[in-house]
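In: this is a predicted model, with the sequence first.
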Amino acid sequence: MKNYAPADIRNFAVVGHASSGKTMLCEAMLACGGVINRMGRIADGSTVSDYHVSEKNRQISVSASLLHTEWAGKKLNIIDTPGYLDFISEGLGAMRVGDFALVVVHAQHGVSVGTDRVWELCDTMRHSENDRGERDGQGERGFRRGGETGAGTVWPACLPVEACR
Ligand SMILES: Nc1nc2c(ncn2[C@@H]2O[C@H](COP(=O)(O)OP(=O)(O)OP(=O)(O)O)[C@@H](O)[C@H]2O)c(=O)[nH]1
Ligand SMILES: [Mg+2]
């Protein structure tokens, strides 16, 4: 196994409102890093993160999953967390051990109660990812709504998730 210097390791939690696209974003990261050669799908129950039978059946994340990949010489230890508030304790644990949190905001639905909840808990490092607007041009609107919360630094990133399939 490759050894990484501590400076080359990034541990972070992926958090956000339910069904905002956290698991698919993680799947895209694994595909981009070459860990998997094609992206799985939520509908097929074929993502790396949602591996448990209850997650496949419900098509939602139920527990935090530890994933890892490498990008630009950095080892990324990614903790994908469930967005449903019933399982928020999984996200709390992940945020505690992560160096920072990546907050995923649904570009069309914008900031929701789950976003507010995790944002309150992210009081050290804040990082917002705004995706899912690429198909209908609504990403910009969702991003503006994210910025209007005044919760910290927010910047948009458009991820062509279909390109990896
Ligand atoms: N169009 C589009 N659909 C997406 C995108 N990302 C995720 N989806 C779909 O949105 C649904 C929810 O995606 P997930 O990745 O499971 O969302 P999540 O935030 O992990 O959900 P929970 O963990 O259950 O809170 C699935 O049907 C995905 O296929 C995206 O970038 N664009
Ligand atoms: Mg998920």
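Out: Now that the structure is in, tell me what you want to look at. Residues are numbered from 1 along each chain as shown. Ligands and ions are numbered 1, 2, ... in the order given.
In: now whatever residue of the chain ends up closest to ligand 1. Its backbone dihedrals?
Out: Closest residue of the chain to ligand 1, CB to the nearest ligand atom: Gly83 (2.6 Å). Every C-beta, even on glycine, is put in place using the N, C-alpha and C of the backbone. The phi/psi pair for Gly83 (degrees, to the nearest 10) reads phi -100, psi -20.
In: show me the helices in the protein, by range?
Out: 22-32, 53-58, 88-97, 113-121, 139-148 (DSSP state H).
In: what's the second one in contact with?
Out: I take that to be helix 53-58. 45, 50, 61-63 (CB atoms under 8 Å, 6 or more residues apart in numbering).
In: near ligand 2 too, which of these?
Out: For ligand 2, the contacts drawn from the contacts of helix 53-58 by CB under 5 Å from the ion are Ser61.
In: and the contacts of helix 53-58, which of them are buried?
Out: Buried subset of the contacts of helix 53-58 (neighbour count, 16 or more other CB atoms under 10 Å): 45, 50, 61-63.
In: dump the residues you listed into JSON lines; add pLDDT as well.
Out: As requested, the buried ones among the contacts of helix 53-58 are exported to JSON lines (pLDDT from 0 to 100):
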{"residue": "Gly45", "pLDDT": "97"}
{"residue": "Asp50", "pLDDT": "98"}
{"residue": "Ser61", "pLDDT": "98"}
{"residue": "Val62", "pLDDT": "98"}
{"residue": "Ser63", "pLDDT": "97"}
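In: which one of the contacts of helix 53-58 is nearest to Val111?
Out: Each of the contacts of helix 53-58 was scored against Val111 by CB to CB, and Ser61 proved nearest at 19.6 Å.
In: over to that closest one: give its phi and psi.
Out: Backbone torsions of Ser61, given as degrees, to the nearest 10, read phi -80, psi 140.
In: which residue is the nearest non-sequential neighbour of it?
Out: Computed as CB to CB, 6 or more residues apart in numbering, the closest residue to Ser61 that is not its neighbour in sequence is Pro82, at 4.0 Å.
In: who's in contact with that neighbour?
Out: Counting by CB under 8 Å, 6+ apart, Pro82 has contacts 18, 60-64, 88, 90-91.
In: if we go to 10 Å?
Out: For Pro82, the contact set (CB atoms under 10 Å, 6 or more residues apart in numbering) comprises 15, 18, 22-23, 50, 55, 60-65, 88-91, 94, 114.
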